[in-house]
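> please find the sequence and the predicted model below.
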Amino acid sequence: MVPDGWGKRLLSDLADVTSGGTPSRTKPEYWGGDIPWITTAEIGNWIIIDSQERITALGLEESSAKIFPRGTVLLAMYGQGKTRGQVARLGINASTNQACAAILPKENVCGEFLYQNLLGRYEEIRNLSNDGSQKNLSGALVKSIPILQPPIAEQEKIAEILTAWDRAIETIENLIENSQTQKKALMRQLLTGKQRLSGFQGEWAFRRIDQISKRVQRKSDGQDHPVLTISSTSGFVRQDEKYSRYMAGKSVENYILLRKGEFAYNKGNSKTYQFGCVFDLDGYDTGLVPHVYVCFQLNNNLSHRYFKYIFESDYLKPQLGRLVNTGVRNNGLLNIKPSEFLGTKVPVPSLPEQEKISDILEAGALQIEKLQQQLKCLNQEKRALMQQLLTGKRRVKECNKKSLHRERWHERLDK
């Protein structure tokens, strides 16, 4: 149902929709110029103020591309992972490759309104994709996206409200980023002994992991246990949830049965942990994990929290890096033997100092969790509000002032 005073339009009725091009990579004279060139990898719900690559005027001409003005809305028509369907706004004049749909609002169309409209319909737009293995969007599909169009004054007001939410979300995101940076800096100081806490003296001992723990190699007891894998960003997760299917197969018979509080080293490299990562099992009582993981249980009279932070801080990176440089990769896994990993050393202060360090780091972690929960709530509330405002189920009072949507749009891009 179309709200009173609104119209049902196609995106092509409200904006000119086109795309860019890619100069030949075999021609050096086409690259390294002063014209920003945007790809879908740079589109991610933000204002683009720079580009990873630049092209020359000759490259622009050869690729039949064009320079789009700031204020243009970009939509990723294809790309890896979650890229397809993402939108961004140009805060600079720039060219793009052919995978980016450039959406230029027409007269009496608020660019910020269009951006928010497309942003709020991410999953819907992704589902418009053509059939095929890559599920790409096309220019024709983008042009055919239906839009409910309110009068320009109401577009402006809706955009103003949603932009205010974006600013609140951005503020929390910045607080989280700053808190995480401060936590990492504090971890580097406290977990290396560079900064000692008041009341503690004496040199720290350094012990091999096999001196402070016992290796775990127990097999399944035949009971029903979740099959788990380690994500470098999330710790232990269910294998069927991460890969959308059960991966273990018959090899699960050789999996290790891990119990809550025990640690495991995954020697697969990642962007977060270049030489593998260590996590403890805390979200499950038990779990079956791949036999290639090096699993271990801390000895008594050691702070579980302290060593959890040691491993989170990637303290072992230099030692593991030296081990990797002496070998080769094996089927995507780092060629580190269990005995080599268990031979790496960690700092072991007194138990009271371990606990005091853990208390300080835990307070910082709890603050970050609180901010992340606040961010989650803000995003959920904004999505609910978008559903109301962009469909006309909830109406706003129109501005009586002269329409200044283009000026406001550019002011937003300048911030």
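Arrived safely.
> going forward, measure contacts between C-alpha atoms and count neighbours the same way
Fine.
> in the host helix or strand of Gln373, what counts as buried?
Here Gln373 sits within helix 351-389, counting by DSSP states H and E. For helix 351-389, a neighbour-count test (16 or more other CA atoms under 10 Å) marks 353-355, 357-358, 361-362, 364, 368, 371-372, 375, 378-379, 382-383, 385-386, 389 as buried.
> Val324 contacts Asn335, correct?
Yes. Using CA atoms under 8 Å, Val324 makes contact with Asn335 at a distance of 6.3 Å.
> give the next helix or strand downstream of the longest strand along the chain.
Ranked by residue count under DSSP state E, the longest strand found in the chain is strand 31-38. Counting by DSSP H and E, the next helix or strand C-terminal to strand 31-38 is strand 47-48.
> returning to that earlier point: more crowded one of Val324 and Asn335?
Set Val324 next to Asn335 and count neighbours by other CA atoms under 10 Å: Asn335 wins out with 19 against 16.
> so what's the more buried one scoring on pLDDT?
Looking at Asn335, its pLDDT stands at 87.
> same question, Trp409
Note for Trp409: predicted pLDDT of 50.
> got the contact list for Lys317?
Counting by CA atoms under 8 Å, 6 or more residues apart in numbering, Lys317 makes contact with 273-275.
> roughly how far apart are it and Ser220?
Taking CA to CA, to the nearest Å as the measure, Lys317 and Ser220 are separated by 31 Å.
> then His291?
According to CA to CA, His291 and Ser220 sit 11 Å apart.
> can you check which residues contact both of those two?
Contact with both His291 and Ser220 is made by residues 254-256, according to CA under 8 Å, 6+ apart.
> ok, those vs Gln189, which is closest?
Checking the shared contacts of His291 and Ser220 against Gln189 by CA to CA gives Ile256 as the nearest, at 35.0 Å.
> could I get the full set of helices for this protein?
Taking DSSP state H as the criterion, the chain contains helices spanning 11-14, 57-62, 111-119, 122-126, 139-143, 152-190, 209-212, 239-243, 304-312, 317-324, 338-342, 351-389, 405-414.
> next, count neighbours for the nearest residue to Leu191 once chain neighbours are set aside.
Spatial nearest neighbour of Leu191, excluding adjacent residues (CA to CA, 6 or more residues apart in numbering): Ile310 at 6.6 Å. Residues lying near Ile310 (other CA under 10 Å) number 21.
> same deal with Leu162?
Leu162 has 19 nearby residues by other CA under 10 Å.
> now the one 5 residues further on
Counted with other CA under 10 Å, the neighbours of Arg167 add up to 11.
> what about Glu340, distance to Arg126?
46 Å.
> show me which of those two is the more surrounded one.
Between Glu340 and Arg126, Arg126 has the larger neighbour count (other CA under 10 Å), namely 20 against 14.
> the more buried one touches Arg84, doesn't it?
Yes. Between Arg126 and Arg84 there is a contact under CA under 8 Å: 6.5 Å.
> overlap in contacts, those two.
Residues touching both Arg126 and Arg84 (CA under 8 Å, 6+ apart): Leu137.
> buried residues in stretch 195-213?
Per 16+ other CA under 10 Å, stretch 195-213 contains these buried residues: 209-210, 212-213.
> run the chain-centre distance for stretch 206-216.
Put simply, stretch 206-216 sits 34 Å off its chain's centre (CA atoms, centre = their mean, to the nearest Å).
> how long is it end to end?
End-to-end distance (CA to CA), stretch 206-216: 22 Å.
> pLDDT score for Phe279?
Listed pLDDT for Phe279 reads 97.
> ok, now how distant is it from Val289?
For Phe279 relative to Val289 (CA to CA), the value is 12 Å.
> for Val2, same thing?
On the measure of CA to CA, Val2 and Val289 end up 53 Å apart.
> likewise for Ala363?
Taking CA to CA, one finds Ala363 at 30 Å from Val289.
> could I have stretch 148-159 exported to CSV, CA atoms only?
Only the C-alpha atoms of stretch 148-159 are listed here, as CSV (Å, rounded to 0.1, in the frame of the first residue of the first chain):
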residue,chain,number,x,y,z
LEU,A,148,8.5,4.5,-2.2
GLN,A,149,9.0,8.2,-2.8
PRO,A,150,7.7,10.8,-0.3
PRO,A,151,7.7,14.5,-1.1
ILE,A,152,11.1,16.1,-1.0
ALA,A,153,10.6,17.8,2.3
GLU,A,154,9.6,14.5,3.9
GLN,A,155,12.6,12.8,2.2
GLU,A,156,14.8,15.4,3.8
LYS,A,157,13.3,14.9,7.3
ILE,A,158,13.5,11.1,7.1
ALA,A,159,17.2,11.4,6.0
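> show me how far that stretch is from its chain's centre.
31 Å.
> how about it, which residues are buried there?
Using 16+ other CA under 10 Å as the burial criterion, the residues of stretch 148-159 that qualify are 148-150, 152-159.
> in a markdown table: the residues you listed, plus distance to Pro23 and pLDDT.
A markdown table is the format used below for the buried residues of stretch 148-159 (distance: CA to CA, whole Å; pLDDT from 0 to 100):
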| residue | distance to Pro23 | pLDDT |
| --- | --- | --- |
| Leu148 | 37 | 96 |
| Gln149 | 37 | 96 |
| Pro150 | 40 | 96 |
| Ile152 | 38 | 95 |
| Ala153 | 41 | 95 |
| Glu154 | 41 | 96 |
| Gln155 | 37 | 95 |
| Glu156 | 38 | 95 |
| Lys157 | 41 | 96 |
| Ile158 | 39 | 96 |
| Ala159 | 36 | 95 |
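> just the closest of those residues to Asp13, please.
Gln149 (10.2 Å).
> that closest one against Val2, yeah?
No. With contact defined as CA under 8 Å, Gln149 does not reach Val2; the gap is 9.2 Å.
> mind listing what Arg188 touches?
If you count contacts by CA under 8 Å, 6+ apart, then Arg188 has 194, 313 around it.
> any idea how far it is from Ile310?
Between Arg188 and Ile310 the computed distance is 9 Å (CA to CA).
> and for Ser179?
Ser179 sits 18 Å away from Ile310, going by CA to CA.
> ok, Glu203 - contacts?
Going by CA under 8 Å, 6+ apart, the list of residues near Glu203 reads Pro349.
> per-residue pLDDT, it?
93.
> let me know the outermost residue of the chain.
Gly202 (41.6 Å; CA atoms, centre = their mean).
> remind me which residues of this structure are low pLDDT?
Counting by pLDDT under 70, the chain has low-confidence residues at 130-134, 242-250, 325-332, 398-415.
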